[in-house]
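[1] Sequence first, then the predicted structure:
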Amino acid sequence: MYAAVDLGSNSFRLHIGKHDGEAIRVLKSVREPIRLAAGLDANGNLTEAAMQSALNCLKSFRITLAAYQLEAVRVVATSAMRVARNVAAFLPAAEQAIGYPIEVISGEEEGRLIYMGVSNALALPGERRLVIDIGGGSTELILGRGQEIERVESFSLGTVKQSLSFFVGGRIDAPSFEAAILSARSHLEDAAPPYHPQYWRQCYGSSGTARTLAEIIVKNGIGREMNAATLEALKQRFIQIGHVSKIELAGLRPERAGTIIGGLAIMIALVHELDIPVVQPIEAGLRMGVMWDLYLRSTKRDRREQSVRAFQQKFHVDEGRAERVANDALALYGQMKPATDTYTRPLFWSALLHEVGMVVSQTGYHKHAAYMIENADLPGFTTREQKTMSRLIVAQKGNLRKVGEALAESDFAKAVVALRLAILFMHARIDVDFRQLKLRMKNRIELEIRRDWVADHPTVSYWMEKEQELWDEVGVDFSIRANA
C-alpha cells in the first residue's frame, strides 16, 4: 500500500491506495479545507492561524497513516508553500506533525505527477491529450501522448487568489467576472499557442475545480458537457445569484462556494485562450500520480533515473567516465558502512552528473554543475533532492569549507569522501580492486591503499597529500597508509 499526501493551496488531501492488477485502488481518502493560500498575509508569510490550522490537520493525517501497513509515503506541498516566504521556518514543525518529510515541489513536477495520474487512469497508450489542472494557487497545463509528457507549464493562477481578488466580500457581478477572466487570460495568452487543439485530441480537467464545475453544469440542467456555452451559462447563473453566501446549487459543497467562482473564471479563460471545444473531467490527478510514482520506484522504474540519463545526453557527458566514477563511489561508500541509505541514490546520480558543468567551462566546472543541478527541471526530483545532489557535486573537488556545516551529518560526509576518492582514482587511471583497499570513517578518515599504486601512478601521492590538507581545514583527520 502507498500513501500520497497533497498539501494544496485550498485543501489538504490524503489518499491511501493499493496496486491492484493494472490500477491503483484507493482504499482511504481524506480531505480538509485548510485554505492555506488565503492564510498568506500582505508580506507573503503564512499567518500563525494558518500554520496552526495546517499543523492540526497534519497531526490528524499522521493518526490515519499509522493505521495502515504502508510500503511508502510521499508528502508533497504545492503553490502556497512554494510562495510563502516563511515556509523554511514552518516546515520542521509541519514534518514533525505528520511524521514524514515534506517536499515542496515545483509547478513542473506538480504537472508531471498530475499527468502520471491521468495517463495511468486512462490507459490509452497512443492518445494525444491536454490535461489542465486548476488548483487553489496554481494552474498546470500538460501536453502529452500516452504516458509521455511533451510539454508542461505552471502558472501562478489559482482559485483562491482569483476569488479573493475579484469577488471582494463575496459579491458576484458581471464586471467582477469580466475582470477575473481578463486577468486570467493575460497570464495565459503568451503561452497558449503550443496547447491549441491541433496538438491534441482530447482535453481533460483533472482538478477538483474541473470536476465540480462539470457536476454543477449537469446536475442543474445547464448542459451535458463542459464547454464555452455551458460555462458562460453557469457564469450568468452565478451573477443572478449575486453573492457567494446565497449559492445553493446541486453538485456544489457549501465550503467550495467561495473559491469555485474564481475557478470558473480561470476555466472560461482557458477555454477561450486555448480554443478548447470540450473539457472532460477525470477523477485522477496529483495524488494518484504520487502513488503511481511510488509504485514505479518500487519496481525499479524510477523517473529520476531517466531524468539523469537524459541530462547526461543533453549536455554531452562522457558516460564511460561518469559510470566508472558512480560505481566506484558506491563501492567506497559501502565500505564506510553508512547508517542509512539516504544518500546512496543521490551519490550515484551526482557521480553520473559530476562533469556536466564542463559544457559551460573547464574552469570551475564543479560549481557550474552544482548550479545546473540545483536549478534544472529534472522530472521526478524534488527541490530538496536536487539541493542535496548540488552539494555533493560542488564538494567533489577543492576546499570543503563550502559544505562545512553539512559535513556534520556523518552519512553526507561519507558520501563526499566516496565521491572525491572515486574521481581521484579515475583521474589517476587507477583500476581499483576494492578487495585491496580499505576505507573507514568514524571520527576520522582511514584509508589503506596498495604501495604499488603509488609507485605506478606518481600523481597519487600529490593528490593524497592535498586531500589530507583539505580535510584538515574542516577539522577532519585523514590518515593514509600504504600496504604491501
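    Received the coordinates, thanks.
[2] Which neighbours in the sheet does the helix or strand where C203 lies have, and how are they oriented?
    Applying DSSP states H and E as the criterion places C203 in strand 202-205. Looking at strand 202-205 with DSSP bridges, its partner strands are strand 128-134 (parallel), strand 280-281 (parallel).
[3] ok, then the element right after that strand?
    Next element after strand 202-205 (DSSP H and E): helix 208-219.
[4] and that next one, how far from the chain's centre?
    Helix 208-219 sits 28 Å away from the centroid of its parent chain (C-alpha atoms, centre = their mean, to the nearest Å).
[5] of the strands paired with strand 202-205, which approaches L439 most closely?
    Between L439 and the strands paired with strand 202-205, the tightest spacing by C-beta to C-beta is seen for strand 128-134, at 47.8 Å. The way it works is simple: take the backbone N, C-alpha and C, and place the C-beta from them, glycine included.
[6] follow-up on the earlier one: from the rest of the structure, what touches the strand holding C203?
    Here strand 202-205 makes contact (C-beta atoms under 8 Å, 6 or more residues apart in numbering) with 118, 122, 127-134, 197, 211, 213-214, 226, 267, 274, 276-282.
[7] Can you pull up the most central residue in the protein?
    Geometric centre of the chain, nearest residue: I105, 3.3 Å, by C-alpha atoms, centre = their mean.
[8] Leaving out chain neighbours, which residue sits closest to that one?
    Excluding its sequence neighbours, the residue lying closest to I105 (C-beta to C-beta, 6 or more residues apart in numbering) is V76, at 5.0 Å.
[9] For that neighbour, give me its contacts.
    4-7, 102-105, 110, 113, 286, 290, 382.
[10] Now do the helices in the stretch 351-484 of the chain.
    For the stretch 351-484 of the chain, the helices defined by DSSP state H, counting those that start in this stretch cover 365-375, 383-394, 410-427, 451-456, 459-473.
[11] And those helices: which comes nearest Q96?
    helix 383-394 (16.2 Å).
[12] what packs against the closest one?
    Using 3 or more C-beta pairs under 8 Å, 6 or more residues apart in numbering; DSSP states H and E, the elements in contact with helix 383-394 are strand 102-104, helix 344-352, helix 365-375, helix 410-427.
[13] now those as a markdown table including distance to F478?
    A markdown table is the format used below for these (distance: least, C-beta to C-beta, whole Å):
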| stretch | distance to F478 |
| --- | --- |
| strand 102-104 | 35 |
| helix 344-352 | 19 |
| helix 365-375 | 20 |
| helix 410-427 | 9 |
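[14] what's the closest of these to E140?
    Here strand 102-104 is closest among the helices and strands packed on helix 383-394 (C-beta to C-beta), at 15.5 Å.
[15] By mean pLDDT, which helix or strand of this structure comes out lowest?
    When each helix and strand of the chain is scored by mean pLDDT, DSSP states H and E, helix 451-456 comes last, with a mean of 71.
[16] where are the low-confidence patches of the protein?
    Across the chain, the ranges flagged by pLDDT under 70 are 300, 454-455, 484.
[17] rerun that using 80 as the cut-off
    Flagging of the chain using pLDDT under 80 yields the residue ranges 123, 299-302, 382-383, 428-436, 450-461, 482-484.
[18] all strands of it, in order?
    Counting by DSSP state E, the chain has strands at residues 2-7, 12-20, 23-32, 72-77, 102-104, 128-134, 139-145, 148-155, 202-205, 280-281, 438-441, 445-450, 478-483.
[19] Could you export these as TSV, including distance to Q52?
    Listed next are the strands of the chain as TSV, based on distance: least, C-beta to C-beta, whole Å:
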stretch	distance to Q52
strand 2-7	15
strand 12-20	13
strand 23-32	13
strand 72-77	17
strand 102-104	16
strand 128-134	27
strand 139-145	28
strand 148-155	28
strand 202-205	33
strand 280-281	34
strand 438-441	42
strand 445-450	45
strand 478-483	48
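[20] So which of those is nearest E374?
    Among those, strand 102-104 comes nearest to E374, with 14.0 Å by C-beta to C-beta.
[21] which residues are contacting that closest one?
    So strand 102-104 is contacted by 7, 74-77, 81-82, 87, 91, 94-95, 382-384 (C-beta under 8 Å, 6+ apart).
[22] How far off centre is that strand?
    7 Å.
[23] The nearest residue to H368 once chain neighbours are set aside: what's it in contact with?
    Excluding the flanking residues, the one nearest H368 by C-beta to C-beta, 6+ apart is G357, at 3.2 Å. Contacts here follow C-beta under 8 Å, 6+ apart; on that basis G357 touches 364-372, 393.
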